[in-house]
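K.L.:
With the input below, show me the fold.
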Amino acid sequence: MTHKQHLPSKFEEFVTLFAGALGFSILFLFALSAFVNNLYQSEADTGHSPMTASTSPQMPGKNSTGKNTQETHDSVAGNTASTPSAKPPASTIPIGQMLATGDQKKGAKVAKKCMACHSFDKGGKNKVGPNLYAIVGKKIGTTKGYKYSSAVIKYAGKSDKWQYANLVAFLKKPKSVVPKTKMAFAGIRKDKDMANLIAFLRSNASTPVPLPTH
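P.N.:
Below is the predicted model:
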């Protein structure tokens, strides 16, 4: 007997090709899954996402946040001279020399920021704060009809009068001179404004106190 050779039908060929394609697809998906898992594991380890990292070029003088690189350097280096919160430099000018440059009329303009709480004329009414007529050389905490805080009364026991030195220090930074004072005033920062304001306060008296000579 003779046997005829079995030839694969078209259906069998299709099944074979389909099985091969399916096996390849499974292998491809498995490899892709492994790649993605490794990618996100790398992100978790470094804290940076390679999928979201910026690749856009930076402009000269700017960092990735848009800030000037010089500003960033100054901030890191502790250079805060240009920031509003920076403290003004302490004055090295002798108080007598500084006050000698004061202008009474300009001082009246500086005093406008105080008028919501104080009056300056003789016999003027007390407001939130006491009347400040003849304040230079006056005994601390003695304005008639005004109830002073315990902080001012305590300070009066130490300093007695408002002299030029302690008055300038108080007007520059009130809480540094009278701790826990209730006066809500940030202070006079510029020497020129201070000299002008003191000239104005000094003039509001029947007999102005002589300026210090040093």
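
K.L.:
quick one: least confident helix or strand in this protein?
P.N.:
helix 69-77 (a mean of 40; mean pLDDT, DSSP states H and E).

K.L.:
Can you tell me how far Gly20 is from Ile26?
P.N.:
11 Å (CB to CB, to the nearest Å). Quick note: C-beta positions are derived from backbone N, CA and C, even for glycine.

K.L.:
hmm, I was thinking of Ser176
P.N.:
Counting by CB to CB, the gap from Ser176 to Ile26 is 78 Å.

K.L.:
swap in Lys125?
P.N.:
On the measure of CB to CB, Lys125 and Ile26 end up 94 Å apart.

K.L.:
for Lys161, same thing?
P.N.:
96 Å.

K.L.:
Equivalent analysis for Gln163, please.
P.N.:
For Gln163 relative to Ile26 (CB to CB), the value is 94 Å.

K.L.:
repeat for Thr181
P.N.:
81 Å.

K.L.:
who has more neighbours, these two?
P.N.:
Of the pair Thr181 and Ile26, Thr181 is the one with more neighbours under other CB atoms under 10 Å, namely 17 against 10.

K.L.:
separation between that one and Lys158?
P.N.:
Taking CB to CB, one finds Thr181 at 14 Å from Lys158.

K.L.:
Ok, Val168 next?
P.N.:
17 Å.

K.L.:
Helices along the chain, start to end?
P.N.:
Here the chain has its helices, by DSSP state H, at 10-46, 69-77, 95-99, 104-110, 150-159, 164-172, 174-177, 191-203.

K.L.:
Now the first one: average pLDDT?
P.N.:
The average pLDDT for helix 10-46 rounds to 66.

K.L.:
go on, the shortest one?
P.N.:
Averaged over helix 174-177, pLDDT sits at 95.

K.L.:
Kindly report the same for the third one.
P.N.:
Confidence for helix 95-99, expressed as mean pLDDT, is 93.

K.L.:
Which elements pack onto that helix?
P.N.:
helix 164-172, helix 191-203 (3 or more CB pairs under 8 Å, 6 or more residues apart in numbering; DSSP states H and E).

K.L.:
buried residues in that helix?
P.N.:
By 16 or more other CB atoms under 10 Å, the buried positions in helix 95-99 come out as Ile95, Met98, Leu99.

K.L.:
can you tell me how far the nearest residue to Val110 once chain neighbours are set aside sits from Met115?
P.N.:
Spatial nearest neighbour of Val110, chain neighbours left out: Leu197 (4.5 Å); criterion: CB to CB, 6 or more residues apart in numbering. Using CB to CB, we find Leu197 at a distance of 12 Å from Met115.

K.L.:
who has more neighbours, these two?
P.N.:
Leu197 (25 against 11).

K.L.:
Please work out how many residues are found near Lys190.
P.N.:
12.

K.L.:
brain fart, Met194
P.N.:
The burial count for Met194: 23, using other CB under 10 Å.
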